[in-house]
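Novice: build me a model from this:
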Amino acid sequence: MKTLTLKTSVGELAANLYLPEGEQKNLPLAIITGAWTTVKEQMPTTYAQALSERGFAVLVFDFRGWGESADDVKYLEDPARKTADIAAVIDMVTGQQASEFSDIDTSRIYGLGVCASAGYMLDAVNQNAKVKAAAVVAPWLHDRELANAIYGGEDNVNGLIKAGEEAAAADDAVLIEAASTTNENSLMFQAPYYTEAGRGLIPEYDNQFNVASWKPWLTYNALAHAGKQDKPVLMVASEAMALPAGTKQYLQTAGENVKAEWLADVTQFDFYDVAEHVSKAADLVAQHFNAN
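Specialist: Numbers count the residues shown, from 1 in each chain. The predicted structure follows:
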């Protein structure tokens, strides 16, 4: 693994590059992003290691203000901002041919988004000629109607958006704990993975959530561009994951270039790091990328 600092149009982003063993020339490159509030060392690295074992160079990075990527704005879950970060990384990798990427075949760039960043990745690759294909694992894709259903109804969602607007207007960032087994006011109270040592609870995890995130997150429409998606897309999903309805709605609107593989009884969090599920998902993603 190589530690990198990517000099992109949105600023410097901390990244790690994983290379397969053996042949190091003309490698296809997969860019992988993870769930909301996460850093590159969590599920992005799990999938980076799995895809590098399948012959891909893999780049994972921290979004602006998360992990090792410094920024004045921290821990903001803003889909538009994170989508811009992905696009900037794609531009950097394909445009400058920095020495770290001299062994990369820039005609074979792929994107993989896990959970919340599935929507960001799909938006970033859509109509982007620099990317060959994309995949998403355990995709969390919501629009306002789904957000209302998930977050306790329209009135509650409006209340969260108002809290987000007030936080955005405050002089200092309003932060809450992202995940906790004891703090009932955390974003993800007693959520698996994030609160489990050896899984998502790792030293690199910021475990912070900027309350100003609520407005951009809840008003984001991850389904808006499904009908215009021009990349071959594979969705690795399960009825047991958190939001299968979003994936089904994306598929209903998208063309035949977007397809899904439905795995039996795999929960959202188990997609992140349970070996047998990661292996199966990585096999499907690698097959999809190699075919495009």
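Novice: what segments of the stretch 151-292 of the chain are strands?
Specialist: 175-177, 179-180, 188-189, 208-210, 233-238, 258-263 (DSSP state E, counting those that start in this stretch).
Novice: quick one: list the elements packing against the fifth one.
Specialist: Right, the one you point to is strand 233-238. Strand 233-238 sits against strand 133-137, helix 244-253, strand 258-263, helix 275-290, with contacts defined as 3 or more C-beta pairs under 8 Å, 6 or more residues apart in numbering; DSSP states H and E. C-beta here means a position set from N, CA and C on the backbone, and glycine is covered the same way.
Novice: which one of these lies nearest to residue 224?
Specialist: helix 244-253 (9.2 Å; C-beta to C-beta).
Novice: which stretches of the protein have low pLDDT?
Specialist: Low-confidence segments of the chain (pLDDT under 70): 96-98.
Novice: coming back round to it: among the helices and strands packed on strand 233-238, which comes closest to residue 162?
Specialist: Using C-beta to C-beta, those put helix 244-253 closest to residue 162, at 24.4 Å.
Novice: now the helices and strands packed on strand 233-238 in TSV, with mean neighbour count and distance to residue 269?
Specialist: Shown next, in TSV, are the helices and strands packed on strand 233-238 (neighbours: other C-beta atoms under 10 Å; distance: least, C-beta to C-beta, whole Å):
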stretch	mean neighbour count	distance to residue 269
strand 133-137	29	12
helix 244-253	18	15
strand 258-263	18	14
helix 275-290	18	10
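Novice: nearest to residue 147, out of the ones you listed?
Specialist: helix 244-253 (10.1 Å).
Novice: returning to what we had before: using a markdown table, lay out the helices and strands packed on strand 233-238 together with distance to residue 154.
Specialist: Output for those, formatted as a markdown table (distance: least, C-beta to C-beta, whole Å):
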| stretch | distance to residue 154 |
| --- | --- |
| strand 133-137 | 27 |
| helix 244-253 | 17 |
| strand 258-263 | 29 |
| helix 275-290 | 34 |
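Novice: residue 45: which of those is closest?
Specialist: Nearest to residue 45, of the helices and strands packed on strand 233-238 and by C-beta to C-beta, is helix 275-290 at 11.1 Å.
Novice: tilt between that closest one and strand 258-263?
Specialist: With axes from the mean of the first three to the mean of the last three C-alpha atoms, to 10 degrees as the basis, helix 275-290 and strand 258-263 are set at 160 degrees to each other.
Novice: out of the helices and strands packed on strand 233-238, flag the one nearest residue 41.
Specialist: It's helix 275-290; of these, that one is closest to residue 41 (C-beta to C-beta) at 15.1 Å.
Novice: hmm, back to that, for residue 164, which of the helices and strands packed on strand 233-238 is the nearest?
Specialist: So among these, helix 244-253 is nearest, using C-beta to C-beta, at 21.0 Å.
Novice: ok so, going back, if you compare the strands of the stretch 151-292 of the chain, which one is most tucked away?
Specialist: Ranked by mean neighbour count under mean count of other C-beta atoms under 10 Å, the strands of the stretch 151-292 of the chain are led by strand 233-238, which reaches a mean of 26.
Novice: that one: partners in the sheet, and parallel or antiparallel?
Specialist: Using DSSP bridges, strand 233-238 pairs in its sheet with strand 133-137 (parallel), strand 258-263 (parallel).
Novice: turn the ones you listed into CSV, including distance to residue 82.
Specialist: Output for the strands paired with strand 233-238, formatted as CSV (distance: least, C-beta to C-beta, whole Å):
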stretch, distance to residue 82
strand 133-137, 14
strand 258-263, 21
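Novice: surely residue 111 forms part of a strand?
Specialist: Yes: per DSSP: H, G, I helix; E, B strand; the rest coil, residue 111 lies within a strand segment.
Novice: residues contacting it?
Specialist: Neighbour list for residue 111: 30-33, 86, 90, 121, 124-125, 131, 133-135 [criterion: C-beta atoms under 8 Å, 6 or more residues apart in numbering].
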